[in-house]
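A.B. asks: No letters, just coordinates:
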């Protein structure tokens with residue numbers, strides 16, 4: 001029978017976070033109204049920003065909720081996903097960018113994407129969260 005040392009005696013392993021999750025509740029958005037109401041425009045805008053950030057889109061789906069309504073959408077990334085939901089009647093947007101770090105540290109790319117989207121929505125009152133997944 002092979003002897004296995006207790007966990008306390010094993011050397012510590014330094015590893016990078018499994019992923020980065022950036023979330024934002026953006027209140028009081030002052031932006032181009034097409035970003036809040038036009039699903040096709042928002043989809044194009046998001047996929048362009050994904051590419052500019054150096055991430056890889058593998059597909060997307062955006063849905064508009066009709067006259068005066070908002071948009072919900074997701075861009076599936078090779079690295080994970082971007083989701084966005086808009087409420088134009090209250091100037092509110094939620095953003096969610098998650099990337100995995102399986103083959104590389106994608107955190108800086110995720111941050112570039114998130115920052116570009118947040119800047120475009122131009123919120124008066126952003127509530128932001130950053131979670132490093134282990």
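C.D. replies: Looks like it arrived, so ask away. Fair warning: this is a prediction, and the values are worked out from it, not measured in the lab. Numbers count the residues shown, from 1 in each chain.
A.B. asks: Tell me which helix or strand comes right after the strand or helix carrying residue 99.
C.D. replies: Here residue 99 sits within strand 92-100, counting by DSSP states H and E. Using DSSP H and E, the helix or strand that follows strand 92-100 in sequence is helix 107-121.
A.B. asks: gap between the residue nearest the centre of the chain and residue 110?
C.D. replies: Residue closest to the mean C-alpha point of the chain, counted by C-alpha atoms, centre = their mean, is residue 97 at 1.3 Å. Per C-beta to C-beta, to the nearest Å, residue 97 is found 5 Å from residue 110. C-beta coordinates here come from the backbone N, C-alpha and C atoms, glycine included.
A.B. asks: hey, what's in contact with both of those two?
C.D. replies: Both residue 97 and residue 110 are in contact with residue 22, where contact means C-beta atoms under 8 Å, 6 or more residues apart in numbering.
A.B. asks: what bridges to residue 74?
C.D. replies: For residue 74, the beta-bridge partners under DSSP bridges are residue 61, residue 83.
A.B. asks: Assess the claim that it and residue 85 are in contact.
C.D. replies: No - if you go by C-beta atoms under 8 Å, residue 74 and residue 85 don't touch, sitting 9.5 Å apart.
A.B. asks: quick one, which of these two is more surrounded?
C.D. replies: Between residue 74 and residue 85, counted using other C-beta atoms under 10 Å, the more crowded position is residue 74 (18 against 14).
A.B. asks: count of neighbours near residue 98?
C.D. replies: Neighbours around residue 98, by other C-beta under 10 Å: 19.
A.B. asks: Return the residues in contact with it.
C.D. replies: 19, 20, 21, 22, 80, 81, 110.
A.B. asks: Residue 112 now?
C.D. replies: Per C-beta under 8 Å, 6+ apart, neighbours of residue 112: 52, 53, 54.
A.B. asks: residues near the nearest residue to residue 49 once chain neighbours are set aside, how many?
C.D. replies: Excluding its sequence neighbours, the residue lying closest to residue 49 (C-beta to C-beta, 6 or more residues apart in numbering) is residue 116, at 4.8 Å. A total of 16 residues lie near residue 116 under the criterion other C-beta under 10 Å.
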